[in-house]
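**Student:** structure of the sequence below:
(4 chains)
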2 protein chains.
Amino acid sequence: MSEPGLVAVFAALGDDTRWRILIALGEGEASASALAGRLPVTRQAIAKHLAVLEEAGLVEPVRVGRELRYRALGSELGRTARELDRIGAEWERRLALIKRLAESPADGEASSSA
Amino acid sequence: MSEPGLVAVFAALGDDTRWRILIALGEGEASASALAGRLPVTRQAIAKHLAVLEEAGLVEPVRVGRELRYRALGSELGRTARELDRIGAEWERRLALIKRLAESPADGEASSSA
DNA sequence: TTCGAGTGCAACCGTGAGGTTGCAGTCAAT
DNA sequence: ATTGACTGCAACCTCACGGTTGCACTCGAA
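**Tutor:** Coordinates of the predicted model:
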């Protein structure tokens, strides 16, 4: 439960502005104010987005003097990716199985795999 | 060079009801009506969600008589997972690099006023 | 000490997403 | 031919989300 919910992570990643923030952070830490200088939105909007991203575990705050910078965390992305891949693979497996059954002749073609 | 659909996929995955639909579909194709029987939402709500999921490439329609069933596609999940992993790994790499620099002896980035 | 950069909080706004109800159309089976 | 299941619009509602403005506060530096 300590981990942020999968759905929350996806919801966080499902916004364009948030991605722009993440990409920007990918090039190095930055504060909300600094990001506001680069993106066409207000500092406060950025701050809200950063809160969402932090909640999702995609970003981490770092104090530097009176500045509050954020750093992009790849680990959560990695974990999410693995989870996604697992689920997707499962669906594909099942789908392949179904197709296999559908294509198998309904005759006396029994006893293939067991 | 992220594909234009990436964010759409995440947005589609960022909803709880949609996940429940996907999980249900993961166990086999089903129509909107059938799904409405299993989930605590209306058939129409499900239909809208299915439209979103189809748009994101996560689901595929299959006609069966007058029924319109949907099937979960693992391939898109797989592709998305790979993309996620790539980006996450890049951030981690950069982060490791920064930490390395910070720990190196008398170097330290003296360029900034700190 | 004063000044300014940077942050935090709160109120407010418009739009769209998630959901519902209602109705009309279509097609398979009896 | 009738019926019933299933689909496809369309209108409508509510509320959270993305965004803004405004103000108060803190703290580092001149």
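**Student:** what parts of chain A come near chain B?
**Tutor:** A:7, A:10-16, A:19, A:26-28, A:64-65, A:71-78, A:80-82, A:84-85, A:87-95, A:98 (CB under 8 Å from any CB of the partner chain). C-beta: built from backbone N, CA, C; applies to glycine.
**Student:** just give me how far the worst-scoring helix or strand of chain A on mean pLDDT sits from the chain centre.
**Tutor:** Ranked by mean pLDDT, DSSP states H and E, the helix or strand of chain A with the weakest confidence is helix A:74-103, at a mean of 90. Here helix A:74-103 is found 16 Å from its chain centre; the criterion is CA atoms, centre = their mean, to the nearest Å.
**Student:** the residues of chain A next to chain B: which ones sit near DNA strand D?
**Tutor:** When CB under 7 Å from any atom of the strand is taken as the criterion, the members of the residues of chain A next to chain B that contact DNA strand D are A:15, A:65.
**Student:** just to revisit the earlier point, which secondary structure elements does the least confident helix or strand of chain A contact?
**Tutor:** helix A:6-13, helix B:16-26, strand B:67-72, helix B:74-103 (3 or more CB pairs under 8 Å, 6 or more residues apart in numbering or on different chains; DSSP states H and E).
**Student:** ok and it relative to strand B:67-72, angle-wise?
**Tutor:** Compare the direction of helix A:74-103 with that of strand B:67-72 by axes from the mean of the first three to the mean of the last three CA atoms, to 10 degrees and you get 130 degrees.
**Student:** next, the buried residues of helix A:74-103.
**Tutor:** A:74, A:76-81, A:84-85, A:87-88, A:91-92, A:94-95 (16 or more other CB atoms under 10 Å in any protein chain shown).
**Student:** from the residues you listed, which is closest to residue A:55?
**Tutor:** residue A:76 (11.1 Å; CB to CB).
**Student:** quick check: chain neighbours aside, which residue is closest to the closest one?
**Tutor:** residue A:57 (4.2 Å; CB to CB, 6 or more residues apart in numbering or on different chains).
**Student:** check the burial of the one you found by counting its neighbours.
**Tutor:** By other CB atoms under 10 Å in any protein chain shown, the residues close to residue A:57 number 20.
**Student:** ok, now residue A:50?
**Tutor:** What residue A:50 shows, counting by other CB under 10 Å, is a neighbour count of 22.
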